[in-house]
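Participant: mind folding the following:
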Amino acid sequence: MTAAKITALAAIYQFRALLYVTVVVMAAGCGSAQKPPAAPPPAQVGVVTVHPEAVPLVHDLVGRLSATRQADVRARVAGVLQKRVYKEGSRVKEGQILFQIDPAPLKAALDAAEATLAQAEAQATNAHVTAQRNRDLVGSGLVSRSDLDNAQANERSTAASVQQAKANVEVARINLGYASVRSPIDGRASQQRVTEGALVGQGEATLLTTVEQLDPIYVNFDQTAVELQRLKREQTSGSITLAGDNKAVVELKMQDGTSYAHAGTLDFADVSVDPATGSVALRGIVPNPDGALLPGMYVNVHVTVGTMNNAYLVPQAGLQRDSTGPYVLAVASDNKVAMKRVVADTALKNDWVVTNGLAAGDRIIVSGIQSARPGAPVTVVANKEGNSPATVASDTAPAAR
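Facilitator: Numbers count the residues shown, from 1 in each chain. All right, here's what the predicted structure looks like:
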């Protein structure tokens with residue numbers, strides 16, 4: 001066989017081998033295209049299992065603080081203001097002297113009234129002696145009946161003058177006491193309104209300062225009449241239980257977001273509706289031992305008016321909202337995700353209070369929500385502390401991709 005034939009046969013064999021390899025590769029490629037891809041594993045989620053329970057019924061409102069008692073301190077007698085005795089803004093006690101009015105004219109008026117009383121008593125004594133003498137002599141005929149009547153009338157008149165003089169002395173003594181202006185209540189005294197040397201009490205009771213009792217302190221707020229009627233209907237149906245008189249708890253939160261340390265109670269509810277606002281005036285009373293609360297301040301008011309008897313607490317991470325409203329994603333008995341529309345209008349600490357849309361034993365997804373889709377299967381996993389996956393949210397659920 002010649003070299004040319006050998007070369008030709010080698011080329012033919014190489015072509016057949018290349019063709020065989022190409023066919024095998026194409027067959028393998030066709031087979032892999034026809035084989036379906038492996039399904040992704042179910043998403044891992046953490047859940048909480050909810051059950052109906054009694055939940056505090058809390059209303060968030062805005063209130064304004066006011067003093068429990070407020071007294072205007074006024075000059076009750078005319079005179080020149082000599083000095084201020086108290087320190088402005090300090091706490092004062094009932095009966096404590098706050099201002100001193102010049103007592104000299106009032107002391108002189110008292111002395112004059114006492115002198116008038118002494119004169120009236122002397123006249124009354126003489127009239128009594130004369131009347132008694134006439135009573136003793138009228139029987140012997142030495143004194144006429146007319147003289148006796150005049151003597152007894154004078155006796156009665158002078159006795160009445162003594163009583164009037166005593167009353168004038170008492171008035172003068174009271175006015176002299178008013179020269180020392182005292183606090184009518186316990187509280188905190190504000191700044192003085194009139195300076196020393198001013199003539200006060202001339203024709204009117206001049207305002208000198210104001211004393212306000214701040215411990216405890218009032219917080220005033222309003223509640224719509226519609227909301228109050230709804231609460232009464234729900235109490236009648238048994239879905240809620242309202243607190244009794246002076247049992248509703250009032251808690252305050254300051255404007256900077258900090259919570260006030262002392263809780264109070266609701267102590268007053270008006271019996272009429274304000275026609276301008278459609279609201280009912282309410283008032284709470286709160287301890288203020290440190291004086292941190294001042295009249296006129298605005299605060300956020302949390303009023304626990306009772307309890308909701310069959311409510312569900314859902315962590316905030318488990319409740320979502322869309323254009324239709326709030327909803328949760330729950331794991332059904334077949335481990336598939338189901339969407340449930342709920343009613344959740346109130347937040348309690350880190351939970352939403354759900355009043356409709358859930359059933360006892362529902363497993364609400366609180367982690368891995370991004371990977372959960374309604375109708376898709378999921379795997380419920382335990383949290384890192386080893387608690388049951390049916391009762392706690394998972395901390396090991398993978399983040400959404």
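Participant: quick check: bridge partners of the residue positioned nearest the centre of the chain?
Facilitator: Residue closest to the average C-alpha location in the chain (Cα atoms, centre = their mean): V301, at 3.4 Å. Following DSSP bridges, V301 is listed with bridge partners L61, L252.
Participant: give the buried residues for stretch 67-74.
Facilitator: Using 16 or more other Cβ atoms under 10 Å as the test for burial, stretch 67-74 gives 67-68, 71, 73-74. In short, each C-beta sits where N, CA and C put it, glycine included.
Participant: now the two most distant members of these.
Facilitator: For those, the farthest-apart pair by Cβ to Cβ is T68 and R74; their separation is 20.5 Å.
Participant: related to what we said a few turns ago, mind listing which of the buried residues of stretch 67-74 are in strands?
Facilitator: When these are checked against strands (DSSP state E), the matches are 67-68, 71, 73-74.
Participant: need those residues in TSV with pLDDT and distance to S180, can you?
Facilitator: As requested, those are exported to TSV (pLDDT from 0 to 100; distance: Cβ to Cβ, whole Å):
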residue	pLDDT	distance to S180
A67	93	24
T68	93	26
A71	93	16
V73	94	12
R74	94	14
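Participant: closest one of these to V226?
Facilitator: Of all these, V226 sits closest to T68, with 29.9 Å by Cβ to Cβ.
Participant: low-confidence ranges, this structure, go.
Facilitator: Scanning the chain for pLDDT under 70 picks out 1-39, 382-401.
Participant: okay, helices next: where are they in it?
Facilitator: For the chain, applying DSSP state H gives helices covering 3-34, 104-137, 145-178, 225-237.
Participant: these into JSON lines, with extra columns for distance to A269?
Facilitator: Shown next, in JSON lines, are the helices of the chain (distance: least, Cβ to Cβ, whole Å):
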{"stretch": "helix 3-34", "distance to A269": "77"}
{"stretch": "helix 104-137", "distance to A269": "48"}
{"stretch": "helix 145-178", "distance to A269": "40"}
{"stretch": "helix 225-237", "distance to A269": "9"}
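Participant: which one of the ones you listed lies closest to G296?
Facilitator: helix 225-237 (26.1 Å).
Participant: give me the helices and strands touching that closest one, please.
Facilitator: When contacts are defined as 3 or more Cβ pairs under 8 Å, 6 or more residues apart in numbering; DSSP states H and E, helix 225-237 packs onto strand 240-242, strand 279-286, strand 298-315.
Participant: now the helices of the chain as CSV including distance to T277 and mean neighbour count?
Facilitator: CSV is the format used below for these (distance: least, Cβ to Cβ, whole Å; neighbours: other Cβ atoms under 10 Å):
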stretch, distance to T277, mean neighbour count
helix 3-34, 73, 9
helix 104-137, 50, 16
helix 145-178, 43, 16
helix 225-237, 9, 13
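Participant: nearest to G63, out of those helices?
Facilitator: Between G63 and the helices of the chain, the shortest separation by Cβ to Cβ is 15.4 Å, and it involves helix 225-237.
Participant: what does that closest one contact?
Facilitator: With Cβ atoms under 8 Å, 6 or more residues apart in numbering as the test, helix 225-237 has contacts from 59, 240-242, 273, 278-280, 305-306.
Participant: what's the ChimeraX syntax to select whichever of the residues you listed are buried?
Facilitator: Of the contacts of helix 225-237, the buried ones can be selected in ChimeraX as follows, counting by 16+ other Cβ under 10 Å:
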select :59,240,273,279,280,305,306
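Participant: dump the contacts of helix 225-237 into a markdown table; add distance to A263 as well.
Facilitator: Formatted as a markdown table, the contacts of helix 225-237 follow (distance: Cβ to Cβ, whole Å):
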| residue | distance to A263 |
| --- | --- |
| H59 | 15 |
| I240 | 21 |
| T241 | 19 |
| L242 | 18 |
| V273 | 28 |
| G278 | 28 |
| S279 | 23 |
| V280 | 22 |
| V305 | 14 |
| G306 | 16 |
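Participant: the contacts of helix 225-237: which two are farthest apart?
Facilitator: T241 and G278 (25.8 Å).
Participant: what sits opposite the nearest residue to K247 once chain neighbours are set aside in the beta ladder?
Facilitator: Leaving aside its sequence neighbours, K247 sits nearest to T265 (Cβ to Cβ, 6 or more residues apart in numbering; 6.9 Å). Assessed by DSSP bridges, T265 has beta-bridge partners V249, I285.
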